[in-house]
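# Would you be able to build a 3D model of this:
(2 chains)
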Amino acid sequence: QSALTQPASVSGSPGQSITISCTGTSSDIGGYNYVSWYQQHPGKAPKVMIHDVTDRPSGVSNRFSGSKSGNTASLTISGLQAEDEADYYCSSYTSGRRTVFGGGTKLTVL
Amino acid sequence: QVTLRESGPALVKPTQTLTLTCTFSGFSLSTSGMCVSWIRQPPGKALEWLARIDWDDDKYYSTSLKTRLTISKDTSKNQVVLTMTNMGPVDTATYYCARIRSSGWIDYWGQGTLVTVSS
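Numbers count the residues shown, from 1 in each chain, chains lettered A, B, ... in the order given. Next comes the predicted model:
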């Protein structure tokens, strides 16, 4: 399975909103409502921010939201804060109960 | 609470077989719906999903690595073992074990263990 496609980097100023896209195919993102998003700070394990396209785990700020249209999923972070600066990875369930990750997006808070 | 911890060699030689053990607590792999996956991340690069084992002993592998991977579980010890054969320098990475939901999202991660492949 090929990796999902994400922009290498995005940036925004504190208080602004940003959106990270994640493009796959009908065999992964387009075929299932099982997209998740992970935040990873340097030297740390990833942390789930969104699962099943739009669901936020307990404890995750409501500034994080997810959506999907066709073969593309998106993560939106509103009210950017300095602590949001991190790498973000999308992931999708794919055929055969496999999982595929995106290439990752580095978010810089200016 | 749920915890996972990876253990194994920090250094392996090219062509050798890597064996990693994930020891977990806070859940049982004999409980319906429980699954554990292995994921790796080369230095400075993206996450890559490797394998998954389910409570019913069903196993799933990355299509690109399936000929080199074997995943197994020991429910009595709360452990999942991953073996990867014919290791090469490109396999240098931090290897994570994680609890994965049936729909494919990961709710708990281990701290990861760095494996370097070098002669």
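
# Every contact and neighbour count from this point should use C-alpha atoms.
Noted.

# ok, B:D57 - contacts?
B:S72, B:K73 (C-alpha atoms under 8 Å, 6 or more residues apart in numbering or on different chains).

# Helix, strand, or coil at it?
coil (DSSP: H, G, I helix; E, B strand; the rest coil).

# Chain neighbours aside, what residue packs nearest to A:T23?
Sequence neighbours aside, A:T72 is the residue nearest to A:T23 in space, at 4.3 Å (criterion: C-alpha to C-alpha, 6 or more residues apart in numbering or on different chains).

# Thought A:I29 was touching the one you found, still the case?
Yes. With contact defined as C-alpha atoms under 8 Å, A:T72 and A:I29 form a contacting pair (6.6 Å).

# in stretch A:51-59, what counts as buried?
A:H51, A:D52, A:V53, A:T54, A:R56 (16 or more other C-alpha atoms under 10 Å in any protein chain shown).

# Which residues does that stretch contact?
With C-alpha under 8 Å, 6+ apart, stretch A:51-59 has contacts from A:33-37, A:48-50, A:62, A:64-68, A:73, B:103, B:105.

# B:S7 versus the residue nearest to A:T23, what's the distance?
Using C-alpha to C-alpha, to the nearest Å, A:T72 is found at 36 Å from B:S7.

# Report how many residues lie close to A:F64.
Neighbour count for A:F64, taken as other C-alpha atoms under 10 Å in any protein chain shown: 20.

# Tell me who's in contact with it.
A:F64 neighbours (C-alpha under 8 Å, 6+ apart): A:M49, A:I50, A:R56, A:L75, A:T76, A:I77, A:S78.

# per-residue confidence for it?
If you check A:F64, the pLDDT there is 98.

# can you map out the strands along the chain?
No chain specified, so I'll use chain A. Shown for chain A, the strands assigned by DSSP state E span residues A:9-12, A:18-23, A:35-40, A:47-50, A:64-69, A:72-77, A:86-94, A:98-101, A:105-109.

# The chain in question should be chain B.
B:3-7, B:11-12, B:18-25, B:35-41, B:48-54, B:59-61, B:69-74, B:79-84, B:93-100, B:106-109, B:113-117.
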